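S.K.: Predicted structure and sequence below. I'll ask about it afterward.
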There are 2 protein chains.
Amino acid sequence: MRLSTKGRYAVTAMLDLALNGKKGPVTLAEISENQGISLSYLEQLFAALRSKDLVRGVRGPGGGYYLGKSADEISIANIICAVDEWVEFTRCGGRQNCSGGARCLTHTLWDDLSSEIFNFLADISLGDLVRRNLGKKDEEESNLSVVANSSSQAA
Amino acid sequence: MRLSTKGRYAVTAMLDLALNGKKGPVTLAEISENQGISLSYLEQLFAALRSKDLVRGVRGPGGGYYLGKSADEISIANIICAVDEWVEFTRCGGRQNCSGGARCLTHTLWDDLSSEIFNFLADISLGDLVRRNLGKKDEEESNLSVVANSSSQAA
DNA sequence: TAAATACCGACTGATTTACTAGGTAATAGA
DNA sequence: TCTATTACCTAGTAAATCAGTCGGTATTTA
């Protein structure tokens, strides 16, 4: 699992699409404007997202992008994996012959942790994020004194 | 939060240290040998880890590195943050004036998710990983037909 | 004193990031 | 049918990062 700024751009763009795509396709120009990401970079990201069927493009005037499936069917892990190809870290793979145990032991530990991170992100969908925010928005509207209490935290 | 190969190297090296450092300091040469990481690269990583008090170096023959605190006090997030300086993604920071809502809304969603990932990794300590593996090892010894059932998974 | 180790800084090829430039293909609307 | 709008595609690029080499200095043990 790999989590880089590229993955962040992709998740951010997909969030924008999920939020604004309710009543028609969203153009990359809009996302570029909204999120401050260059148009051509978005094109590259969306080429990868499209190849994994996470988005669907419509050409011509009035065109743009739809989500490829419902927001609930798209996990954060899906998005990150689409744009961030990650190579296998452990050279030993399934083979058990890697430098006599010490290395493989550590690799197994890393693999387990890596799987956990992956499963954690696979359990969060775009839909979850959107709903979570709508809930918070209602909360803020009904109680204006509570302002962004979690967005300033580390990470 | 950022999770790159650099972070993986650091976590792997720290795991090696936690596993082999029971009865004395571990040299970078040993870790280099065990994990297949170049010595000089390890030196760079350990300079960062040392500056965060995650490891403690001892010079001279018989020297090497100890963990800077107990394995239970060192989280995976600590390690990754030490070597992977990550810049703030959202240019708006705490300010609310960023391009009229649409961007900031998405940024807030990302920040929340990012915090969740961070907290997830902050809740896993080196000690947890080591104990988890020792448990599995016992299990394998008592039931040899069960072989590496989770290490081949995605991520 | 010699060897082993941490510690330090400069440099480097390869890769990735984020972007620019310059197109072609498809389609809606005039 | 023409034109504007959009997706879609390829090539190139400056800057940063990755992972490493090289050549040291400082400290400590034997």
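M.R.: Done, it's in. Quick caveat, the model's predicted, so the values are computed rather than measured. Residues are numbered from 1 along each chain as shown, chains lettered A, B, ... in the order given.

S.K.: Now do the contacts for residue A:31.
M.R.: Residue A:31 makes contacts with A:13, A:16-17, A:37, A:42, as judged by C-beta atoms under 8 Å, 6 or more residues apart in numbering or on different chains. Using the backbone N, CA and C atoms, a C-beta is placed for each residue, glycine as well.

S.K.: Phi and psi next, for it.
M.R.: Main-chain dihedrals, residue A:31, degrees, to the nearest 10: phi -60, psi -40.

S.K.: how close does it sit to residue B:38?
M.R.: Distance check for residue A:31 against residue B:38: by C-beta to C-beta, to the nearest Å, it reads 41 Å.

S.K.: what do you get for residue A:128?
M.R.: The gap separating residue A:128 from residue B:38 is 41 Å, by C-beta to C-beta.

S.K.: How about the residue of chain A found nearest DNA strand D, nearest residue that isn't a chain neighbour?
M.R.: Nearest residue of chain A to DNA strand D: residue A:57, at 2.5 Å (C-beta to the nearest atom of the strand). Once flanking residues are discounted, residue A:57 sits nearest to residue A:65: 5.4 Å by C-beta to C-beta, 6 or more residues apart in numbering or on different chains.

S.K.: Now do residue A:56: how many residues are near it, please.
M.R.: Look at residue A:56: counted by other C-beta atoms under 10 Å in any protein chain shown, it has 14 neighbours.

S.K.: How is it assigned, secondary-structure-wise?
M.R.: When states are read from DSSP: H, G, I helix; E, B strand; the rest coil, the local structure at residue A:56 comes out as strand.

S.K.: quick one: contacts for it?
M.R.: Residue A:56 touches A:50, A:65-68, counting by C-beta under 8 Å, 6+ apart.

S.K.: Tell me which other helices or strands the helix or strand where residue A:14 lies touches.
M.R.: Taking DSSP states H and E as the criterion, the element that holds residue A:14 is helix A:5-20. The contact analysis (3 or more C-beta pairs under 8 Å, 6 or more residues apart in numbering or on different chains; DSSP states H and E) places helix A:5-20 against helix A:28-35, helix A:39-51, strand A:64-67, helix A:76-83, helix A:126-142, helix B:102-122.

S.K.: quick one: buried residues of the shortest one?
M.R.: Put plainly, it is strand A:64-67. Within strand A:64-67, the residues that qualify as buried are A:64-65, A:67, counting by 16 or more other C-beta atoms under 10 Å in any protein chain shown.

S.K.: Could you tell me the average pLDDT over it, please?
M.R.: For strand A:64-67, the mean per-residue pLDDT is 98.

S.K.: And for the first one?
M.R.: Predicted confidence along helix A:28-35 averages 95 (mean pLDDT).

S.K.: Switch the helices and strands packed on helix A:5-20 over to JSON lines; also include distance to DNA strand C.
M.R.: Supplementary listing: these in JSON lines, determined by distance: least, C-beta to the nearest atom of the strand, whole Å:
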{"stretch": "helix A:28-35", "distance to DNA strand C": "9"}
{"stretch": "helix A:39-51", "distance to DNA strand C": "3"}
{"stretch": "strand A:64-67", "distance to DNA strand C": "11"}
{"stretch": "helix A:76-83", "distance to DNA strand C": "8"}
{"stretch": "helix A:126-142", "distance to DNA strand C": "20"}
{"stretch": "helix B:102-122", "distance to DNA strand C": "13"}
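
S.K.: follow-up on the earlier one: what is the nearest of the contacts of residue A:31 to residue A:77?
M.R.: residue A:13 (16.0 Å; C-beta to C-beta).

S.K.: For that closest one, give me its contacts.
M.R.: Counting by C-beta under 8 Å, 6+ apart, residue A:13 touches A:31, A:35, A:37, A:42, A:45-46.

S.K.: By neighbour count, which of those wins?
M.R.: Neighbour count (other C-beta under 10 Å) singles out residue A:31 as the most crowded of these, with 26 neighbours.

S.K.: so how far is residue A:13 from it?
M.R.: 5 Å.
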